[in-house]
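> Fold the following and give me the result.
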Amino acid sequence: MPIHPAAVIGNRVAISDNVVINAYAVIEDDVEIGLDCEIGSHAVIKQFTKIGARNRIFEHAVIGGEPQDVKFHREPSYLEIGDDNLIREFCTFHRASGEGQATTIGSRNFFMVGVHVAHNCRIGDDNIFANEVALAGHITIEDHVFLSNNVGAHQFVRMGRYAMVGGKSKIVQDVLPFFITDGNPARVRGVNSVGLRRAGFSAGARRALKDAYRMLFRSATPVEEVLAQLEQVDDEHVSHLVNFIRGSKRGFIRAATESTDDADEN
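Sure, this is the predicted structure:
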């Protein structure tokens with residue numbers, strides 16, 4: 001267990017096998033670090049943080065800090081991180097606000113330089129967050145989402161799986177799954193066809209989602225009627241899209257009138 005002698009380790013820290021902790025890292029009490037993790041120099045792992053296996057945390061990241069919430073009164077709360085995440089320099093992840101509550105991050109996510117994850121966020125698996133993405137509190141992100149640089153997201157929004165969000169977009173409502181969202185104000189620009197193809201979606205599944213997009217945003221049919229029609233489509237991804245829309249509390253981002261249908265992608 002190669003721990004540099006210049007690292008500062010609390011008395012109540014559970015460190016698994018093959019963990020590397022580099023010089024000047026600080027690990028506070030009540031922290032758990034899983035197998036084969038690496039903690040970079042000057043990184044800080046704060047109290048009440050649980051980290052799974054094979055995570056790499058780079059220099060100057062601060063993981064598990066107190067939430068930036070005026071309602072927080074130093075009650076015990078948690079940050080829980082899964083396995084195989086890559087957390088680059090200067091990232092800041094906050095534990096939850098509310099006694100016993102947790103900010104949760106899944107597995108195989110890539111957080112580039114300076115990403116901020118605020119209190120009570122719930123992040124799934126296999127997501128990519130480019131430099132300086134800023135997530136406010138209580139945000140839910142599903143799986144396989146790509147957020148470009150400097151995306152800023154309002155508290156309580158949701159982002160659906162396989163969504164792609166363009167750089168510097170301002171997100172104040174839910175981001176629909178499977179689509180590209182971009183701009184300020186943000187608008188749906190079309191189906192994330194290239195991303196879906198790379199992820200192994202069949203041509204039929206991509207076509208079903210493109211048809212759903214056109215029904216939602218290229219017809220004069222009211223949304224409720226469109227959703228009722230889409231519920232009859234025998235495709236699991238279209239079903240997920242319908243359920244995501246029905247579960248929205250803040251409303252969802254709509255399409256720009258000038259957006260394209262990505263008709264060249266099948």
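> quick one, what contacts Y162?
D143, H144, V145, P177, F178, N192, G195, L196, A199 (CB atoms under 8 Å, 6 or more residues apart in numbering). For the C-beta atoms, the positions are set from N, CA and C on the backbone; glycine is no exception.
> now the residues you listed in a markdown table, with neighbour count?
Formatted as a markdown table, these follow (neighbours: other CB atoms under 10 Å):
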| residue | neighbour count |
| --- | --- |
| D143 | 17 |
| H144 | 22 |
| V145 | 25 |
| P177 | 23 |
| F178 | 28 |
| N192 | 27 |
| G195 | 18 |
| L196 | 22 |
| A199 | 13 |
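> which among the residues you listed gets closest to A130?
V145 (11.4 Å; CB to CB).
> mind checking pLDDT for that closest one?
Reported pLDDT at V145 in the predicted model: 98.
> now do A134
pLDDT, A134: 98.
> My reading is that L196 lies in a helix. Confirm?
Yes. According to DSSP: H, G, I helix; E, B strand; the rest coil, L196 belongs to a helix.
> Okay, now the unreliable bits of the stretch 1-150 of the chain?
Within the stretch 1-150 of the chain, the stretches with pLDDT under 70 are 1.
> The closest residue to A118 other than its chain neighbours: which element?
Using CB to CB, 6 or more residues apart in numbering and skipping the chain neighbours, the partner closest in space to A118 is G137 (4.4 Å). According to DSSP states H and E, G137 maps onto no helix or strand at all.
> From N131, how far off is G137?
In this view, G137 and N131 are 21 Å apart by CB to CB, to the nearest Å.
> can you check E236 too?
33 Å.
> quick one on the thing from earlier: would you check that the residue nearest to A118 makes contact with V70?
No. When contacts are counted by CB atoms under 8 Å, G137 is not listed as touching V70 (11.3 Å).
> Thanks again, I'm all set now.
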